[in-house]
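> need the 3D shape of this:
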Amino acid sequence: MKVTREVVLDLLPLYLAGEASPATRALVDEYLRQDPELSERVQARDATLLPEIGISPAPETELKSLLRTRRNLGRLRWTCALATTLTAISLALRVDFTGWRLTTFRFLIMDDPLPFGLCMTGAAALWILYFTMRRRARGTGLT
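Here you go, the predicted structure:
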């Protein structure tokens, strides 16, 4: 009996997952010895081979990944928004005019250092968290 390429491609998911029976492994190994191109792709775990053999993630896995990605991007947006808000609060100004003349131009942190200093410290911590999260997301290709 001659084994065709289509039969081997159908068996490859079991073979690659290590769940094939010894007889199936022997059959696929024998075919791969005769087809060096396919053998090379299997050894390299070629990504273009996956659609050809029909491997795709389970729907539950895809849904979990999507929800985790949406949650992480939401956290990234909220972290940026809070960091921006605290930065703006900590850099608040007092500007007074008498007539058309500027009489006072002063950062409010000079008058009340504790609350505005806490805002500045919180903003710095949130910016560090934001850029750390963004770098991690960039490594996964999200941003």
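> can you list the buried residues in the longest helix seen in the chain?
The residue-count maximum for a helix in the chain (DSSP state H) belongs to helix 59-90. Neighbour counts over helix 59-90 (16 or more other Cβ atoms under 10 Å) mark 76, 79-80, 82-83, 86-87, 89-90 as buried. The way it works is simple: take the backbone N, C-alpha and C, and place the C-beta from them, glycine included.
> quick one: low-confidence parts of the chain?
Applying pLDDT under 70 to the chain picks out residues 1, 45-57, 140-143.
> domain assignment for it?
5-53, 59-140 (automatic domain parsing).
> quick one: the residue located most distally from the centre of the chain from Gly122, how far?
Distance from the C-alpha centroid of the chain, by Cα atoms, centre = their mean, peaks at Gly99 (55.0 Å). According to Cβ to Cβ, to the nearest Å, Gly99 and Gly122 sit 38 Å apart.
> cool, and Thr61?
From Thr61 to Gly122 the distance is 37 Å (Cβ to Cβ).
> all helices for this protein, in order.
5-17, 22-34, 36-43, 49-53, 59-90, 113-140.
> contacts for stretch 97-104?
Defining contact as Cβ atoms under 8 Å, 6 or more residues apart in numbering, one finds that stretch 97-104 is touched by 94-96.
> could you work out the end-to-end span of it for me?
End-to-end span of stretch 97-104 (Cα to Cα, to the nearest Å): 7 Å.
> in it, what counts as buried?
With the criterion 16+ other Cβ under 10 Å, stretch 97-104 contains no buried residue.
> for stretch 126-143, same thing?
For stretch 126-143, a neighbour-count test (16+ other Cβ under 10 Å) marks 126-127, 129-130, 133, 137 as buried.
> now do the contacts for Arg33.
Ser39.
> distance of it from Leu12?
Distance of Arg33 to Leu12, given as Cβ to Cβ: 15 Å.
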